[in-house]
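Trainee: just coords:
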């Protein structure tokens with residue numbers, strides 16, 4: 001099999017696995033996330049690695065809608081307070097920096113929502129609500145959950161579900177693309 005054919009085959013595997021997760025996701029968990037974003041004074045996002053990149057992408061989109069959003073660990077991120085939302089992601093639910101951020105947020109009476117693949121994990125136990133993604137975690141080397149490497153499916157679907165949340169918030173806002181555009185980065 002040549003590289004082009006193999007890549008096309010792999011792309012279909014990736015899309016099929018993400019579609020399966022889309023069909024399995026709990027709509028009530030999504031509704032809670034949407035409502036908590038709308039209710040939050042400010043939104044903070046925290047995750048490590050590729051999950052962190054997915055949350056940073058979501059943070060940008062939420063900012064485009066006019067939400068006040070901070071990425072934990074950046075130098076201009078203020079203290080989290082009561083009324084704020086911390087959105088975290090960890091497939092395993094045990095990433096130490098993510099757990100630590102959730103613990104701190106809870107001590108400040110902020111709301112915590114965790115995106116995770118393990119409903120019994122430390123992060124799930126700390127969170128006010130979870131968004132469960134039934135994907136393989138980075139240490140799952142089997143192929144029963146995903147044919148992809150490590151946590152790839154979790155990370156991909158984290159991005160996709162947050163894009164879906166963004167689109168919902170955008171549609172509910174009734175803002176046009178032109179109205180969002182002034183918030184787009186102009187120092188690129």
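Mentor: Done, it's in. No experiment lies behind these values; they were computed from the predicted model shown.
Trainee: Tell me the bridge partners for residue 131.
Mentor: Bridge pairing for residue 131 (DSSP bridges) gives the partners residue 115.
Trainee: Enumerate every residue touching it.
Mentor: The neighbours of residue 131, taking C-beta atoms under 8 Å, 6 or more residues apart in numbering as the test, are 25, 26, 29, 30, 32, 33, 113, 114, 115, 116, 161. Where C-beta positions appear, they are placed from N, C-alpha and C, glycine not excepted.
Trainee: Thought residue 161 was touching the first one, still the case?
Mentor: What it means is residue 25. Yes: applying C-beta atoms under 8 Å, one finds residue 25 in contact with residue 161, separated by 6.7 Å.
Trainee: Can you lay out the contacts of residue 131 as CSV showing neighbour count, secondary structure and pLDDT?
Mentor: Formatted as CSV, the contacts of residue 131 follow (neighbours: other C-beta atoms under 10 Å; DSSP: H, G, I helix; E, B strand; the rest coil; pLDDT from 0 to 100):
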residue, neighbour count, secondary structure, pLDDT
25, 18, coil, 96
26, 13, coil, 97
29, 17, helix, 98
30, 15, helix, 97
32, 16, helix, 98
33, 21, helix, 98
113, 22, strand, 98
114, 28, strand, 98
115, 29, strand, 98
116, 29, strand, 97
161, 23, helix, 98
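Trainee: If we only consider these, which is nearest to residue 155?
Mentor: Residue 155 lies nearest to residue 115 out of those, by C-beta to C-beta, at 10.2 Å.
Trainee: and the gap between the closest one and residue 42?
Mentor: As for residue 115, its distance to residue 42 is 19 Å (criterion: C-beta to C-beta, to the nearest Å).
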